[in-house]
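Chemist: Got a sequence here, can you build the structure:
(3 chains)
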Amino acid sequence: MDSAAPVAVSAMPQGNQGPKANHGSTPREDQIAALVKRRNASNAVAGGIMFAAAASSVAITCGIVAMLTLESLPFFREVNLWDFLTDTMWAPLFAAPRYGILPLIAGTFVTTLVALAIALPIGTIIAVYLSEFAPHTVREVIKPATELLSAVPTIVFGYFALQVVTPALQTFIPDLPTFNMLSAGIVMGIMIIPYVSSLSEDALRAVPMLLREGSYGMGASRMQTAFKVVIPSAISGLAAAYILGISRAIGETMIVAVAAGMQPNLTLDPRQPAETITAYIVQVSLGDVEHGTVAFHSIFAAGATLFVLTLGLNVFGHYLRKRYRKAY
Amino acid sequence: MDQQTAKIVARRKREDRLFKLLGIGCTLIALATLAVLLGNLLYTGFSRLDWQFLTSFPSRKAESAGILAASVGTLAVIAVTALTAVPLGIAAGVYMEEYARKGRINTIIEVNIANLAGVPSVIYGLLGLGLFVYYFHLGHSILSAGLTLGLLVLPIVIVATREALRTIPVHIREAAYALGATKWQVVRHHLVRYALGGISTGVIIALSRAIGETAPLIVIGAVTFIRFLPTSPFEAPFPHHAFDWLQSPFAVLPNQMFDWTSRPTEDFHRNAAASGIVLIAVTLTLNAVAIFVRYRARRNIKW
Amino acid sequence: MSVEAQFAQPRPGNTVLTGNTAPLGNTAPHQRPHMTEASKPASPQLPPLKAHAKKLSFFYGTHQALHAIDLPLVDMHVTALIGPSGCGKSTFLRCFNRIHDLYPNTRYDGEIILYPSAANIISRDVDPIEMRMRIGMVFQKPNPFPKSIFENVAYGLRLKGIRNATELKDRVETALKSTAIWEEVKNRLNKSAYDLSGGQQQRLCIARAVAAEPEMLLMDEPCSALDPIASGKIEDLIRELRKKYAVLIVTHNMQQASRASDYTAFMYMGKLVEFGATTDIFTNPKSKETEDYVTGRFG
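Modeler: Numbers count the residues shown, from 1 in each chain, chains lettered A, B, ... in the order given. Modelled structure (predicted):
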């Protein structure tokens, strides 16, 4: 057929000469319909299974909540909630046991604070450097390299804190005890750096180029652009990164269990040994605690406290992240 | 005026240079810590790392102790973890990305997965202890431990699957649908295959994470002094005893390292360092493999 | 000029459309389903139709993208859809294989009747999967699967339940020959489709669509991502394909529409403004908007 359209129409073969004459074994309509019916059935089954898998993640959360609630109920039958929250002593193995969570919370609080004092500034500076200053190739190398830090098992960090960092600190602070919150907190902070820097960098990079160009266009330096334009625009993303960092620090277990000691100690002095909520759970689990005793149920009560703390932070962090994603 | 501008510009440039140095410095702090950590482990533990160490059971005497039971235990637990988390995580990820329509149920699932990723690992231990060990009566076993770690790393697999699926362009899906494929066929014939690079990366990272987990297994009841191996599934008569190993008590590498670390004497610390080297070698290798797989997947398929 | 006005007369009533299985004999060259001609009811001169969109409307959520479109598609002819960007050409085309069903909050209204079975493509009772097996589609951007050349073409056949290896091989070869790419790929059927050039990929995608021997072909701007030489080859191919299929093609290229199509429909803002033989649309348009558009005065 030639490209002359007007002729083309008139010269077309018209009429109905069964165009699909040479079809051989091409399935007929009814066969196709049967095929499709069968497939739709397996499609539905597969969809159902996959929905069940996705729903199972909700079941995990429900399982966690249920376990923490059910297994800590016997504990709260023995110990009243008010004492639990206000008593300043945690001594489950005494003849007259005391279950005040405050010393454990104080331990968690101090180690977390030390960790954040390390992780937030360093993590943020790395993020700003990678996102605003570093050339592309440097970023491609450094980002995975720092993320290797998060591939190190936490028990190895615990060993590192106890065997390397504490002796090193003891040269500056001679009377520092072998187990102390300072060393555990510092190592925990280093462990958290990649979480903070990676999420912060994502937030910074999500800031549109246009804003930066506007700033550079007026003669601003890189640092001015970073601190006066980019960071303020990415503030909710940075906050989300920080909150997830805090949540990590609160939930971290092995570093504090190894290096901070396992004695409940109501103090805010990081040079002292103390026990965190997580370390307590480990301590009890290591011993031969009978299933069903108050001590057994006390780890679920401690776990519930930990869960509430981190859940609140996670929900808030998730909300902030959603917000900055929506902004751009 | 001009001179003043020049001064300001010079100062700004100086600030920029300083900040750049600060950035490099901070990055180096992180990397140097890693280097010191590795260096110390090698310095302390490398001499301890011999055939005897790899093939011996734990012992009261540090110099004759080894990580055989712990290595086998780790392998067994991770096998259960992989069998739990991989199918479940991929299925859930596919559902979220391909099947779910925007709605309240899916918002709930989505927020839920984000939160699960942030739940401290020790709490998964409590879940496993309450649910698997006592409620389902699975005991302080390899099965309980593997399932617990499976749930722990599930969000990593789900998120990796979703991200990998998201990189597949819409027009590939439409091409398959336009030929008359059902959703399940599109998933099976196309999406899962093209996303395999990203999914494998996520799976490897997830398993590497599971290998290093200590706290939840302490809670589940890992033992550190065990002088026998679980029944081999290949020797036991099938089918009645082929799964006996699942009910076996277990030791795992990180817990073995924890046990040795918390002992007071120097020679046990050397054992701890040696097991730390093994542990870190495994996790860093897995991470390197993951990076390589991701790189290859990106190179092979360019949309 | 409203579509209604244009179609008031030509719509020859259901008798012809549903009864088009009867041989219609030789149609005189000048007698095409153009509105002005077909004032007689049940016009026997109308060529057999492959499909007929009747009062087809389409909604994205609350936004109405298509407004009661009436358009007959003549079998074994090429119908081109032209119109400015965003006029709904692609939306209209994509109704024919229900690809819109993949996305939430979409709604069809009206009918698209597919002949000879007279099934309503967009009816709820019709399975979209089945329709997609029966109607082939080629997309704007070449979109081969990241699989081998062979597997790309065989995929539609496999979906239709064909498993026999020799049959697959034969039919893949036939399809590749019919899209004039066989000579270029016959020695590397197991190589990735991504090794092909853009134009070759698009011909491969056409081969993939025709391999399963669909009843009609939809083409959504199949040349827009290609260079002129590759586009020329696709155009030649389209002229070949109409010997076997009814082809509905969206194009933004006026020359292409005039060269490759037999009928042309001009759409504007979700409405069908004018439909007729391509010659008439380009040389003697009835509507001012059509004239402005085809002469390049707007759009």
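Chemist: how many neighbours does B:H241 have?
Modeler: 12 (other C-beta atoms under 10 Å in any protein chain shown). C-beta: built from backbone N, CA, C; applies to glycine.
Chemist: Same check on C:T278?
Modeler: C:T278 is flanked by 26 other residues according to other C-beta under 10 Å.
Chemist: so it sits right up against C:Y263, yeah?
Modeler: Yes - proximity of C:T278 to C:Y263 meets the contact threshold set by C-beta atoms under 8 Å, at 6.0 Å.
Chemist: What is the neighbour count of residue 268?
Modeler: Using chain A here. Residues contacting A:L268 under the criterion other C-beta under 10 Å number 12.
Chemist: hm, I was asking about chain C
Modeler: Neighbours of C:Y268 under the rule other C-beta under 10 Å: 22.
Chemist: go on, C:H63?
Modeler: Neighbours around C:H63, by other C-beta under 10 Å: 9.
Chemist: And it, what's its pLDDT?
Modeler: Reading off the confidence values, C:H63 has pLDDT 92.
Chemist: hmm, the lowest-mean-pLDDT helix or strand in chain B touching chain A?
Modeler: With mean pLDDT, DSSP states H and E as the measure, the helix or strand of chain B carrying the lowest mean pLDDT is helix B:104-116 (a mean of 86). Yes - counting by C-beta under 8 Å from any C-beta of the partner chain, chain A has neighbours in helix B:104-116: B:108-109, B:111-116.
Chemist: What residues sit buried inside that helix?
Modeler: Taking 16 or more other C-beta atoms under 10 Å in any protein chain shown as the basis for neighbour counts, the residues of helix B:104-116 that come out buried are B:106, B:109-116.
Chemist: now do stretch C:164-179
Modeler: Taking 16+ other C-beta under 10 Å as the criterion, stretch C:164-179 shows C:168, C:171-176, C:178-179 as buried.
Chemist: contacting residues around B:T283?
Modeler: Contacts for B:T283 were tallied using C-beta atoms under 8 Å, 6 or more residues apart in numbering or on different chains; they are A:151-153, B:208, B:211-212.
Chemist: tell me the mean pLDDT for whichever helix or strand A:R321 is part of?
Modeler: Secondary structure from DSSP states H and E places A:R321 in helix A:294-327. In this model, helix A:294-327 carries a mean pLDDT of 86.
Chemist: now it and helix B:104-116, what's the angle there?
Modeler: Relative orientation of helix A:294-327 versus helix B:104-116 (axes from the mean of the first three to the mean of the last three C-alpha atoms, to 10 degrees): 120 degrees.
Chemist: which other helices and strands contact helix A:294-327?
Modeler: Helix A:294-327 makes packing contacts with helix A:29-78, helix A:102-128, helix A:235-251, helix A:277-286, helix B:104-116, helix B:121-128 when contacts are defined by 3 or more C-beta pairs under 8 Å, 6 or more residues apart in numbering or on different chains; DSSP states H and E.
Chemist: If you average pLDDT over each of those helices, which is lowest?
Modeler: With a mean of 86, helix B:104-116 has the lowest mean pLDDT of the helices and strands packed on helix A:294-327.
Chemist: Could you see whether chain C lies near it?
Modeler: No - judged by C-beta under 8 Å from any C-beta, helix B:104-116 stays clear of chain C, getting no closer than 11.5 Å.
Chemist: How many residues are close by A:V315?
Modeler: As a burial measure, A:V315 scores 15 neighbours (other C-beta under 10 Å).
Chemist: Chain neighbours aside, what residue packs nearest to it?
Modeler: When the adjacent residues along the chain are set aside, A:V315 lies closest to B:N115, with 6.6 Å between them (C-beta to C-beta, 6 or more residues apart in numbering or on different chains).
Chemist: Residue in the stretch 101-250 of chain C with the shortest distance to chain B?
Modeler: Taking C-beta to the nearest C-beta as the measure, the point where the stretch 101-250 of chain C comes nearest chain B is C:M133, at 3.3 Å.
Chemist: which SSE is that residue in?
Modeler: Assigned by DSSP H and E, C:M133 belongs to helix C:128-134.
Chemist: Quick one: list the elements packing against that helix.
Modeler: Counting contacts by 3+ C-beta pairs under 8 Å, 6+ apart, helix C:128-134 packs against helix A:29-78.
Chemist: residues in contact with whatever residue of the stretch 201-303 of chain B ends up closest to chain A?
Modeler: Nearest residue of the stretch 201-303 of chain B to chain A (C-beta to the nearest C-beta) works out as B:G212 at 2.8 Å. By C-beta under 8 Å, 6+ apart, the residues touching B:G212 are A:151-156, B:254, B:279, B:283.
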